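Engineer: Build me a model from this:
(one chain, ligands or ions: 2)
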Amino acid sequence: MARALSDSSARILILERGDFVPQEDDNWNPASVWRDLRYRATERWLDEHDREFQPYMHYGVGGNTKYWGSVLYRLRREDFQALEHVDGMSPAWPIDYDTLAPYYDRAEALYHVHGQHGVDPTEPPRGPFPHPPIPHAPAVAAIVDRLRAQGLHPSHLPLALIQPGTPGGCVLCSTCNSYPCRIHAKGEADVCGVRPALERPNVTLWTNARARRLFTDPSGKRVEAVEVERDGRVERVAAPIVIVSCGAVNSAALLLRSGSDKHPSGLANSSGLVGRRYMAHLATMMEGFHPFRVNDTVFQKTVAINDYYFRGPNSDYPLGHIQSQGRTFGIMAKVVGDHMIPGIPLWAYNAWVARGVDWLVMSEDLPDPDNRVTVSNDGRIRLNYRPSNVRAHEQLVRETTRILKQLGFWKVMTHSHGNRNTTHQCGTLCFGTDPATSVLDPFCRTHDVENLFVVDASFFPSSAAVNPALTIIAQALRVADHVKQAWARA
Ligand SMILES: Cc1cc2nc3c(=O)[nH]c(=O)nc-3n(C[C@H](O)[C@H](O)[C@H](O)COP(=O)(O)OP(=O)(O)OC[C@H]3O[C@@H](n4cnc5c(N)ncnc54)[C@H](O)[C@@H]3O)c2cc1C
Ligand code: SF4
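Structural biologist: Ligands and ions are numbered 1, 2, ... in the order given. Have a look, this model is predicted:
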């Protein structure tokens, strides 16, 4: 959003609660990232039983994109329409695929996405990717051949990597997904969004500046100021337009903390939907294990299987998406939640994961008003969440197990962060045309407050089953165009 607006005459101030992520050896150190949680937000949230947990979140310039696996998918054309799932309906979006398609093109170019069109059976209409696909490593290529022999249609994952294989570019290492890139070769929001925006004289960034609440004018119809805690001091910043982009959970929390006489249940909450319909994907990590096959792949995250996206082999309802995953390190397997499994030595884990091939399977989570973000009396975030569509996900895990067994793996292991996996959070301020059933309009402006926009994962009315971020970026570019046109008219 900041980058897209930076070529306008507006003076832009970005408030970021964290700091720049340092470029250091720890960036690529599995023990620092997985055991010491060096970059993880230290904040604790509450669950529905008021038990504390540490969310899988990162605060800093670039947000969670610094740590992402760089898989930048477009939603499928059908994801924008109502879609029946085994456990209920996935609602329609107020915009269709064709509306977002030109912004997907721009988003892919901005984030250096590599891919191959025309192979994935669920792919929406599109032209070629800005960059060719990342070649599969030999072991992955062999798996792809054997998947095709099973009658499946594996395709290249769309990946945001900057100039792979060229001097100074991405080196296709084994520490990408969940790690910051030591050499800034990942297409992410710090490198592709904030830093280029800061090259313009009209853009300013305050780091360590946390937005605490928003204040409106006496009519309650316009935001006048943001209260900011910056390096321990509290101050107010006034602006004619405020764009909230704190991530789905924190944006909802910010609006809930900004209640007033005119907005007694939270800012822009006349629908009562602020914080509700929280979604996260149902996600399971899977590993195919073969005791006599050492996997020498370094960059493994290149292949996807979408054959069961809209229906399973034995069911008429959507199951979801399967993608290969970055390499697992022994330390990652040894750490569960916030503790290390005792008894089994690290070398045993290393020997195990060296013989594994890693996968991630994801199913759509359906919106439920009872799955919601609230703020406790002392201002802490509380997340009430019970995943939906569990039957579809369990079936996807079973089908993936069958596929991996057919590939010759002796054993298939599964692991899930369960309800506490906040990485693909979305949906807490859904967009729509009706102010009674949505918080944001189709351009992500709040229905209730005329100069307040929310541009992040909050606006999703449904979660779909592919990774969310390209859609967040594309919609941000669309909203930026809209804001610039509105300025030009004013
Ligand atoms: C390990 C990991 C892997 C992932 N892999 C992928 C992937 O491969 N593909 C994909 O599409 N998605 C992936 N995701 C998800 C993706 O990162 C998110 O969907 C995306 O970052 C959401 O963008 P956002 O703008 O909504 O929020 P965020 O990226 O969370 O950004 C919010 C920003 O706001 C700041 N902030 C929060 N509150 C305040 C406040 N009160 N005041 C000031 N600043 C504030 C935060 O510090 C942060 O910089 C992954 C996420 C993780 C954690
Ligand atoms: S070098 Fe490439 S693969 Fe390694 S972390 Fe950076 S972007 Fe990811």
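Engineer: Show me what the helix or strand Leu147 falls within is packed against.
Structural biologist: Following DSSP states H and E, one finds Leu147 within helix 138-149. Helices and strands touching helix 138-149, by 3 or more Cβ pairs under 8 Å, 6 or more residues apart in numbering; DSSP states H and E, are strand 303-305. Just so you know, the C-beta spots here come from the backbone N, C-alpha and C atoms, and that holds for glycine as well.
Engineer: Does the strand it packs on reach ligand 1?
Structural biologist: No: counting by Cβ under 6 Å from any ligand atom, ligand 1 is not contacted by strand 303-305; separation bottoms out at 11.4 Å.
Engineer: name the helices or strands packed onto that strand?
Structural biologist: helix 138-149, strand 155-156, strand 321-324.
Engineer: What strands line up against that strand, and which way round?
Structural biologist: strand 155-156 (antiparallel), strand 321-324 (antiparallel) (DSSP bridges).
Engineer: Residues in contact with the longest one: which ones?
Structural biologist: It refers to strand 321-324. 71, 140, 157, 300-306, 308-309, 357-363, 396, 400, 403, 465-466 (Cβ atoms under 8 Å, 6 or more residues apart in numbering).
Engineer: now stretch 130-138
Structural biologist: 108-109, 112-116, 141, 144, 156-157, 159, 161, 164, 172, 297-300, 302-303.
Engineer: Kindly export the helix holding Leu147 (C-alpha atoms) in PDB.
Structural biologist: C-alpha atoms of helix 138-149 as PDB (Å, rounded to 0.1, in the frame of the first residue of the first chain):
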ATOM      1  CA  PRO A 138      16.500 -34.100  -9.000                       C
ATOM      2  CA  ALA A 139      14.800 -36.000  -6.100                       C
ATOM      3  CA  VAL A 140      11.700 -33.700  -6.500                       C
ATOM      4  CA  ALA A 141      11.700 -34.100 -10.300                       C
ATOM      5  CA  ALA A 142      11.600 -37.900  -9.700                       C
ATOM      6  CA  ILE A 143       8.700 -37.500  -7.400                       C
ATOM      7  CA  VAL A 144       6.800 -35.300  -9.900                       C
ATOM      8  CA  ASP A 145       7.200 -38.100 -12.500                       C
ATOM      9  CA  ARG A 146       5.800 -40.700 -10.100                       C
ATOM     10  CA  LEU A 147       2.900 -38.400  -9.200                       C
ATOM     11  CA  ARG A 148       2.100 -38.100 -12.900                       C
ATOM     12  CA  ALA A 149       2.200 -41.900 -13.100                       C
END
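Engineer: can you pull the buried residues of that helix?
Structural biologist: 140, 143-144, 147 (16 or more other Cβ atoms under 10 Å).
Engineer: got it, and stretch 158-178?
Structural biologist: 158-162, 164, 170-178.
Engineer: and which of the buried residues of helix 138-149 is nearest ligand 2?
Structural biologist: Nearest to ligand 2 among the buried residues of helix 138-149: Val140, at 14.3 Å, using Cβ to the nearest ligand atom.
Engineer: quick one on the thing from earlier: restrict the buried residues of helix 138-149 to those that also contact ligand 1, please.
Structural biologist: Within these, nothing lies near ligand 1 by Cβ under 6 Å from any ligand atom.
Engineer: quick one: pLDDT of Asp481?
Structural biologist: At Asp481, the pLDDT value in this model is 98.
Engineer: repeat for Ala142
Structural biologist: Reported pLDDT for Ala142: 96.
Engineer: Could you report the distance from Gly62 to ligand 2?
Structural biologist: Computed as Cβ to the nearest ligand atom, to the nearest Å, the Gly62 to ligand 2 distance reads 13 Å.
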